[in-house]
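1. Got a sequence here, can you model it:
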Amino acid sequence: MILVTGANGNLGSAILTALRDRGTPATGGSRTPGEGTRRLDFDDPASLDLTGVSTLVLVSAGYAEDDRVIARHAAVLDAAARDGVGHVVYTSLTTAGDHLAFAAAHRATERLLRTGALPWTILRNGLYAELFGALLTWNDGGLESPFGDGALAAVARADLADAAAAVAADPAPYRGRTLDLVGPPVTAGQVADRLGVPHRTIGLEEYRRLLDETPGLLPFQPPMLASIATGIRHGFLAGTTPDLTDLLGRPARDPLAVAVSVAAASASAIA
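-> Numbers count the residues shown, from 1 in each chain. The predicted structure follows:
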């Protein structure tokens, strides 16, 4: 049996859908399970029953500070080893993201996999095209961002889900491999051009001030978002590899179109 963690999240649910679309039986795990999913709470080791799981798709539980995320991942990997899971597929962070403020938890989890006894595959996912579109804000009829002319090798979430499903359905060829799943580079200017509006670049100091003033952000999120901004602006996240298209066996979805759709929807929401 294939089990996908984070089944109620955007990526986990998309991976489950991709597996089922392939005709591959799979179930999900979540701390708030629904029909057809089992309870898995990474903060409650007693809930981590992985009996009967042949392949575990471990979707990063990254919505917390690093120490908590790493403890969560360690707990589920311990349970996987105890319960005889045959293979772990981990959704990590693109290699180009080593300097990002949230990279440490991913690399620590990769180290746990490499030093453990479980067979593994690491999928180093690029940043979502959906996220790129969402980080562009509207002001005075145009888009603004801290990204300048920098590009992001963005990926549609659906492509990452299809990639994870392909590996989970037949993990043996990918045992011990680390795949860097990034898409074609896109810029904020390209999104603005597609929407027929101007793009204005703001400074990183102004961006951090805006983040600090944004209600609802948790303490770890402003530095995380600021690190994404400087990484894109200064060209650290634009590199591409063929791993995604090789794995999918087809071209990647157009990340620019995805980002444009998200940015357009945010304009409609504030209209």
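
2. can we go C-alpha only for contacts and neighbour counts from here?
-> Fine.

3. Report the secondary structure state of Ala108.
-> Three-state assignment for Ala108 (DSSP: H, G, I helix; E, B strand; the rest coil): helix.

4. Just give the closest residue to it, not the sequence neighbours.
-> The spatial neighbour of Ala108 that comes closest, neighbours along the chain excluded (CA to CA, 6 or more residues apart in numbering), is Ile70 at 6.9 Å.

5. Any buried residues in the longest helix seen in the chain, and which?
-> Selection of the longest helix in the chain by residue count, based on DSSP state H, yields helix 66-83. By neighbour count with 16 or more other CA atoms under 10 Å, helix 66-83 contains the buried residues 66, 68-70, 72-81, 83.

6. Quick one: the strands in the stretch 151-271 of the chain, in order.
-> Using DSSP state E, counting those that start in this stretch, the strands of the stretch 151-271 of the chain run over 151-153, 177-181, 185-187, 199-201.

7. looking at those strands, which is closest to Asn125?
-> Smallest distance to Asn125 across the strands of the stretch 151-271 of the chain (CA to CA): 4.9 Å, for strand 177-181.

8. The closest one packs against which elements?
-> Using 3 or more CA pairs under 8 Å, 6 or more residues apart in numbering; DSSP states H and E, the elements in contact with strand 177-181 are strand 120-125, helix 243-248.

9. now the angle from the first one to strand 177-181?
-> To tie it back to what came earlier, the one meant is strand 120-125. Here strand 120-125 runs at an angle of 10 degrees relative to strand 177-181 (axes from the mean of the first three to the mean of the last three CA atoms, to 10 degrees).

10. can you pull the contacts of the residue in the chain sticking out farthest from the centre?
-> No residue in the chain sits farther from the centre than Asp140, which is 31.1 Å out by CA atoms, centre = their mean. With contact taken as CA atoms under 8 Å, 6 or more residues apart in numbering, Asp140 is in contact with no other residue.

11. Likewise for the one 4 residues further on?
-> When contacts are counted by CA under 8 Å, 6+ apart, Glu144 touches 136-138, 199-202.

12. Name the nearest residue to it, sequence neighbours excluded.
-> Counting by CA to CA, 6+ apart, Arg200 is the residue found nearest to Glu144 once chain neighbours are left out, at 4.5 Å.

13. where exactly do the helices run in the stretch 1-150 of the chain?
-> Counting by DSSP state H, counting those that start in this stretch, the stretch 1-150 of the chain forms helices over residues 10-21, 66-83, 103-115, 129-134, given from the N-terminal end onward.

14. And the stretch 151-271 of the chain, by the same measure?
-> When secondary structure is read from DSSP H, counting those that start in this stretch, the stretch 151-271 of the chain shows helices at 157-169, 188-195, 204-212, 221-233, 243-248, 255-270.

15. about what we covered before: now, of the helices and strands packed on strand 177-181, which is deepest in the fold?
-> Among these, strand 120-125 has the highest mean neighbour count (mean count of other CA atoms under 10 Å), at a mean of 25.
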